[in-house]
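A.B. asks: attaching a predicted model along with its sequence, questions to come.
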Amino acid sequence: MNFAFVEKGNLVIRPSKFFQFYLLIVSVFFLEGGFAQNYTRWELHEGAKMRLGKGEITCKIAYSPDGTRLAVASSIGVWLYDANTGAEVSLLTGHSEEVYAVAFSPDGSVLASGGNRDAIIRLCDLRTAKATHALVGHHGAVTSVASSPDGARLASGGSDDTIRIWDANTEERLWTLEGHTGGWVP
């Protein structure tokens with residue numbers, strides 16, 4: 001609501017409190033040099049240098065085999081960072097909810113990620129940033145993934161109390177190890 005006042009014979013319309021508040025918010029978050037320009041420094045503990053990603057870090061973080069990249073499982077996908085500079089490289093999405101597990105292939109060209117409720121392991125070719133395989137078989141959250149030393153197989157653990165071994169090239173489940181209890185295979 002705007003209010004009209006008459007000052008020295010002229011009609012003056014003053015902006016409402018809501019409009020003034022709106023302008024303040026816009027200036028803080030969207031103008032050059034505003035607070036939103038450096039979200040990576042918000043609420044950092046003393047001595048911390050930066051914040052990784054946007055969203056909540058859910059469980060796992062993994063270095064690429066050559067140490068140049070860092071994969072961070074989060075509530076909105078998998079963040080990839082340059083491990084030397086901390087710069088965001090990309091955000092890999094595709095899981096329906098949080099990502100709980102990440103692992104690089106031995107040559108660093110493929111990233112495996114395990115999701116919460118979708119119970120899917122996604123394999124992403126990091127050269128193209130495209131998903132190549134979706135391994136389906138768990139009946140609950142995928143809580144861990146690990147690549148074999150030659151990259152031919154992938155192991156996954158889940159909240160369904162199983163560990164599954166997969167052929168990383170054909171998506172075939174090779175075997176399932178059952179009997180784990182506690183609902184969370186790390």
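C.D. replies: That came in fine, so what should we check first?

A.B. asks: where do the helices sit along this structure?
C.D. replies: Applying DSSP state H to the chain gives helices spanning 17-30.

A.B. asks: what bridges to Trp79?
C.D. replies: Val72, Leu91 (DSSP bridges).

A.B. asks: for Ile165, same thing?
C.D. replies: Counting by DSSP bridges, the residues bridging with Ile165 are Ala155, Trp175.

A.B. asks: wait, isn't it in contact with Trp175?
C.D. replies: Yes: using CB atoms under 8 Å, Ile165 is in contact with Trp175, at 5.2 Å. (C-beta placed from N, C-alpha, C; glycine too.)

A.B. asks: neighbour count winner among the two?
C.D. replies: Set Ile165 next to Trp175 and count neighbours by other CB atoms under 10 Å: Ile165 wins out with 15 against 9.

A.B. asks: check contacts around that one.
C.D. replies: Ile165 is in contact with 153-155, 173-177, counting by CB atoms under 8 Å, 6 or more residues apart in numbering.

A.B. asks: top of these by neighbour count?
C.D. replies: Neighbour counts for those peak at Leu154, which has 26 neighbours (criterion: other CB under 10 Å).

A.B. asks: OK, contacts around it?
C.D. replies: Contact analysis of Leu154 by CB under 8 Å, 6+ apart lists 103, 112, 121, 123, 135, 145-148, 165-166, 168.

A.B. asks: which stretches in this structure count as strands?
C.D. replies: 3-7, 10-14, 57-63, 69-74, 77-82, 88-92, 99-104, 110-115, 120-125, 130-136, 142-147, 153-158, 162-167, 173-178 (DSSP state E).

A.B. asks: what separates Ser64 from Leu174, distance-wise?
C.D. replies: 25 Å (CB to CB, to the nearest Å).

A.B. asks: any weak-confidence spans in this protein?
C.D. replies: Within the chain, the ranges that satisfy pLDDT under 70 run 1-45, 48-55, 181-186.
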